[in-house]
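[1] Here is a sequence together with a model predicted from it:
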Amino acid sequence: MDKKSSQHFLLAIYRSAIDAVNPEKCLYKFLPPKPPRGRTLVIGAGKAAASMAQTIESFWQDNISGLVVTRYGHGAECRLIEVVEAAHPVPDEAGMQAAARILELVQELTADDLVICLISGGGSALLTLPAEGITLGQKQTINKALLKSGATIAEINCVRKHLSAIKGGRLALACGAAKVVTLLISDVPGDDPALIASGPTLPDDTTCAQALAILNKYHIKVPVNIGAHLQSEAAETPKSTDPRFAHHSHHVVACAQDALEAAACAARMAGVTPYILSDSMEGEARDVGIVHAAIAKQIATHNQPFCKPCVLISGGETTVTVRGKGKGGRNAEFLLSLAIALNSHPGIYGLACDTDGIDGSETNAGAVCSPDSLDIAREKNCDPRAMLDNNDGYGFFDAIGDLVVSGPTRTNVNDFRAILIL
């Protein structure tokens with residue numbers, strides 16, 4: 001394959017991955033029966049929340065109502081379930097008001113009622129409701145600091161749960177006697193339901209002490225009132241031993257592994273042997289890029305551990321410790337690090353994109369790279385190493401015309417990476 005067909009192949013298997021985790025394809029199999037009495041209330045949050053709500057409406061035409069909150073630009077047209085758009089990854093007033101309204105909706109439910117909670121990645125920021133005595137501005141400041149620190153999603157969500165009036169199982173308990181069924185699209189490595197969107201309807205076994213330790217680990221200073229809150233009983237989340245969760249259930253309806261397997265199937269149909277490395281890779285994006293490059297070069301040079309032609313596929317959620325002032329999400333950072341480590345090695349092409357269609361805070365899903373990426377960049381007076389040091393992966397791939405712009409996909413199973421070795 002030449003450059004054009006190689007990039008076309010990588011984009012095609014990325015689209016296959018996205019299609020496999022579209023709520024239209026995976027949600028209906030997990031819908032519970034509607035209650036014979038009572039009402040069905042649909043609530044939720046996340047980048048896929050609107051499309052999940054839309055899917056429910058396509059199956060159930062009556063006796064449902066509710067509200068879900070999603071990221072700006074990720075909405076979908078619904079007739080019975082209200083869709084509110086809010087900010088991500090840093091929460092805003094719209095998200096806080098939506099969270100408060102959801103708490104109001106679940107009041108005074110009975111044992112005859114059913115709550116379907118639709119949860120997907122991004123829900124932590126979108127469903128924000130600070131605990132009593134904590135302001136939205138304080139939560140925004142801590143959230144920004146955690147996002148820049150290189151903390152893992154599990155660490156970030158541990159802190160979020162203990163500063164919230166709705167996360168870490170609190171929303172489920174607010175539903176009273178009603179049966180709560182949570183349907184989740186997982187964007188977290190390992191697919192732990194309690195981690196997805198900080199588990200608003202799942203019990204939480206992390207502690208305030210752990211949240212404080214995380215803040216200390218990343219040298220994040222907190223106001224006196226937050227420090228006092230995290231040392232109080234009010235900040236503790238309901239645990240898995242709490243009997244009030246006994247009549248609730250949850251199902252992960254789509255995850256990274258589903259997307260990777262669909263991409264692998266598409267690769268085989270195109271005549272390229274796929275190898276799924278992992279669905280749950282974590283670590284600094286630039287370090288993961290270096291490791292991927294080393295494996296790709298070993299295959300290209302020695303046909304070890306796999307024979308070329310092949311494509312390496314992986315998922316998970318890397319992190320970026322922000323040191324510079326450039327633009328770029330973790331996928332662009334991974335791919336720029338990969339390109340630098342490959343050093344124009346012939347016959348190796350890469351793609352790294354977020355499955356939600358947005359890499360970080362920019363408009364691109366990610367990018368693609370080719371053996372000539374570094375040469376093209378230098379012709380445009382771009383210094384790849386300096387741009388990586390400045391966390392400017394977006395700027396690098398924008399300069400060489402290799403950004404991938406898909407628009408919001410309205411689903412989210414996190415990072416998708418594919419490396420083609422010919």
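    Ah, there it is.

[2] Count the residues that sit near Arg101.
    Arg101 has 14 neighbours, counted by other Cβ atoms under 10 Å. Every residue, glycine included, has its C-beta placed from N, CA and C.

[3] Give me the pLDDT value at it.
    Listed pLDDT for Arg101 reads 97.

[4] That one reaches Gly66, doesn't it?
    No: the pair Arg101 / Gly66 is not scored as a contact, 10.4 Å apart, by Cβ atoms under 8 Å.

[5] Now do the helices in the stretch 151-300 of the chain.
    153-162, 170-174, 208-217, 224-229, 256-269, 285-302 (DSSP state H, counting those that start in this stretch).

[6] Check which helix or strand Ala386 maps to.
    Under the criterion of DSSP states H and E, Ala386 resides in helix 384-389.

[7] Show which residues not belonging to that helix make contact with it.
    286, 323-324, 326, 333, 336-337, 339-340, 374, 377-378, 393, 395-396 (Cβ atoms under 8 Å, 6 or more residues apart in numbering).

[8] what does stretch 247-257 give?
    Identification of contacts with stretch 247-257 by Cβ under 8 Å, 6+ apart yields 20-21, 23, 26-27, 29-30, 32, 172, 179-187, 189, 191, 193, 196, 201-202, 279-280, 315-316, 355, 411, 413-416.

[9] can you do 6 Å?
    Residues outside stretch 247-257 that contact it (Cβ atoms under 6 Å, 6 or more residues apart in numbering) are 21, 26-27, 30, 172, 179-186, 191, 193, 279, 315, 413-414.

[10] Mind checking which of the residues you listed are in strands?
    Under the assignment DSSP state E, the contacts of stretch 247-257 contribute 179-185, 279, 315 to strands.

[11] Need the buried ones from those residues selected in ChimeraX.
    Per 16 or more other Cβ atoms under 10 Å, the buried members of these correspond to this ChimeraX selection:
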select :179,180,181,182,183,184,185,279,315
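
[12] of all the ones in strands among the contacts of stretch 247-257, which comes closest to Gly38?
    Using Cβ to Cβ, Lys179 comes nearest to Gly38 of these, at 9.2 Å.

[13] pretty sure the closest one is in contact with Asp113, am I right?
    No: applying Cβ atoms under 6 Å, one finds Lys179 not in contact with Asp113, separated by 7.4 Å.

[14] Neighbouring strands of the one helix or strand Ile43 maps to in the sheet, and parallel or not?
    Ile43 belongs to strand 40-45 when assigned by DSSP H and E. Partners of strand 40-45 in the sheet, by DSSP bridges, are strand 64-71 (parallel), strand 114-120 (parallel).

[15] Which helix or strand lies directly C-terminal to the first one?
    Of the helices and strands lying after strand 64-71 in sequence (DSSP H and E), the nearest is strand 81-86.

[16] Only alpha carbons, please: show that next one as CSV.
    Extracted C-alpha coordinates of strand 81-86, given in CSV (Å, rounded to 0.1, in the frame of the first residue of the first chain):
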residue,chain,number,x,y,z
ILE,A,81,-36.3,13.0,27.1
GLU,A,82,-34.8,16.5,27.5
VAL,A,83,-31.2,16.9,26.4
VAL,A,84,-29.1,19.6,28.0
GLU,A,85,-25.6,20.5,26.7
ALA,A,86,-22.8,21.6,29.0
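
[17] I'd like to know which elements that strand is packed against.
    If contacts are counted by 3 or more Cβ pairs under 6 Å, 6 or more residues apart in numbering; DSSP states H and E, strand 81-86 sits against strand 64-71, helix 93-105.

[18] Now that strand: buried residues?
    Quick answer for strand 81-86 (16+ other Cβ under 10 Å): 81, 83-86.

[19] Nearest to Pro346 among the residues you listed?
    Nearest to Pro346 among these, with distances taken as Cβ to Cβ, is Glu85, at 45.3 Å.

[20] partners of the closest one in the sheet?
    Bridge pairing for Glu85 - DSSP bridges - gives Thr70.

[21] Now do the same contact list for Thr206.
    Applying Cβ under 6 Å, 6+ apart to Thr206 gives the contacts Cys158.

[22] What pLDDT is listed against the spatially closest residue to Cys175 that is not a sequence neighbour?
    Closest residue in space to Cys175, ignoring its immediate chain neighbours: Val106 at 4.6 Å, by Cβ to Cβ, 6 or more residues apart in numbering. Val106 is assigned 97 on the pLDDT scale.

[23] again, but for Ser58
    92.

[24] do the one 5 residues further on as well
    Per-residue confidence at Asn63 stands at 86 (pLDDT).
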